[in-house]
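Engineer: Structure, please.
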Amino acid sequence: MIVNRTLKDPGIILGISFVLIIVVLGIFAPWLAPRNPNDQILEFRHKPPGFEGNIINYRLAQDLPETSMALQNAFVEDNTAIIVDVLNREHRILLKNISGESLTTGKETVTFWLGTDQFGRDILSRIIYGARISLMVGFTASLIALSIGVLLGALSGINGGKIDTIIMRFTDVMFGFPTLLFLIGITAALEPSLNVVFLAVGLVTWPGMARLVRGQVLQLKEQEYIQSAKTLGISKRTILIRHILPNSLAPIIVTFTLGIAGAIMAEASLSFLGLGAQPPTPSWGAMINNSKDFLRIAPWSSLAPGMAIAIAVLGFNLLGDSIRDLLDPKMRRER
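Structural biologist: Below is the predicted model of the structure:
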């Protein structure tokens, strides 16, 4: 029954498709990305989508990481590779430092499907690796918010009285702070990093979950089967864990799914302001910030990560909305 309804719901199909794309890109980024996201080829700066260029991969020394150079021509003289770049500059590199120790294996024609940024980095590769960052922040921050919200909401609802008043007034105080400004304050007070973003987003976004769980507990604890359990002398803790929380899973799952989309947006906002993932980590928000000064000459470098954020947020929002419709027949839209 649920499967048939799912297949007939274009919203959940679209949402699942978008989410699967982001998840697959994040998990398999090292195998799906065509290039190293931090590899710079300065001669290929601001190249448009679909640009093809010849490069050669080499190391300046055996113990240094491999790098790439835009190639115009190359030939071997003794044990040295004479490389002429696209600016007609001549470079001499020992043949043993060329990838595969041969010009044949070292040379490569690459296609930048989404173009390059101001440092000649492949935008597609950076977006694919950026999916991993967004998913990490989305799930980790949402799990932190879920843990705090469920704990405080359940304690508030099941106990009532002074405990309920204290927890709810604290929740009201948290609601009183503008979310983005609160996030900026926390991350600015600490050293900007992904771990700080995880913690900040989780600590700021739990009040909504706490309110939801409290409402569910207050509603369910008045049901007859809960009153019967109380009459039998079953403790509040057992009633909460075995009867109330399992019956509250549907709205909690929906809120958690929607919270992932909010966490992705929060991370992108903080990274745009320079308070999230630090360079050279490929974060979508940081990519937009770094490319905003080049909108006229290279709009693709900002549009591509912007579209990635839109797809991720839209996917999780559609998924959460559709799950709500599936789990609550009263909220199903008329077809």
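
Engineer: contacts, neighbours, all on C-alpha from now
Structural biologist: Will do.

Engineer: In which helix or strand does the nearest residue to His91 once chain neighbours are set aside reside?
Structural biologist: Using Cα to Cα, 6 or more residues apart in numbering and skipping the chain neighbours, the partner closest in space to His91 is Ile83 (5.0 Å). Using DSSP states H and E, Ile83 sits in strand 80-84.

Engineer: got the contact list for that strand?
Structural biologist: Residues outside strand 80-84 that contact it (Cα atoms under 8 Å, 6 or more residues apart in numbering): 71-76, 90-95, 103.

Engineer: try 6 Å
Structural biologist: Gln72, Asn73, Ala74, Phe75, Val76, Glu90, His91, Arg92, Ile93, Leu94, Leu95 (Cα atoms under 6 Å, 6 or more residues apart in numbering).

Engineer: same check, this time on stretch 214-227
Structural biologist: Looking at stretch 214-227 with Cα under 6 Å, 6+ apart, the contacting residues turn out to be Gly153, Ala154, Gly157.

Engineer: Roughly how far does the residue nearest to His91 sit from Arg121?
Structural biologist: Computed with Cα to Cα, to the nearest Å, the distance linking Ile83 and Arg121 is 21 Å.

Engineer: Equivalent analysis for Leu60, please.
Structural biologist: 19 Å.

Engineer: Which one's more surrounded, these two?
Structural biologist: Arg121 (24 against 13; other Cα atoms under 10 Å).

Engineer: ok, of the contacts of strand 80-84, which come out buried?
Structural biologist: When the contacts of strand 80-84 are checked for burial by 16 or more other Cα atoms under 10 Å, the buried set is Gln72, Asn73, Ala74, Ile93, Leu94, Leu95.

Engineer: Could I get the contacting residues of the second one?
Structural biologist: By that I understand Asn73. For Asn73, the contacting residues are Val84, by Cα under 6 Å, 6+ apart.

Engineer: Check the secondary structure at Glu108 for me.
Structural biologist: On the three-state scheme (DSSP: H, G, I helix; E, B strand; the rest coil), Glu108 is labelled strand.

Engineer: Surely it and Tyr58 touch.
Structural biologist: No. Counting by Cα atoms under 6 Å, Tyr58 is not a contact partner of Glu108; they are 11.4 Å apart.

Engineer: The two: which is more packed in?
Structural biologist: It is Tyr58, of Glu108 and Tyr58, that has more neighbours when counted by other Cα under 10 Å, with 26 against 16.

Engineer: Near the closest residue to the more buried one other than its chain neighbours, how many other residues are there?
Structural biologist: In space, Tyr58 comes closest to Ile98 once its chain neighbours are excluded; the distance is 4.3 Å by Cα to Cα, 6+ apart. Using other Cα under 10 Å, Ile98 has 25 neighbouring residues.

Engineer: Quick check: the gap between Ile98 and Phe177.
Structural biologist: 56 Å.

Engineer: likewise Phe198?
Structural biologist: Phe198 sits at a distance of 18 Å from Phe177 (criterion: Cα to Cα).

Engineer: quick one, longest strand in this structure?
Structural biologist: strand 51-58 (DSSP state E).

Engineer: what's the distance between Pro280 and Val217?
Structural biologist: 46 Å.

Engineer: between those two, who's got more neighbours?
Structural biologist: The neighbour comparison of Pro280 against Val217 (other Cα under 10 Å) goes to Val217, with 22 against 11.
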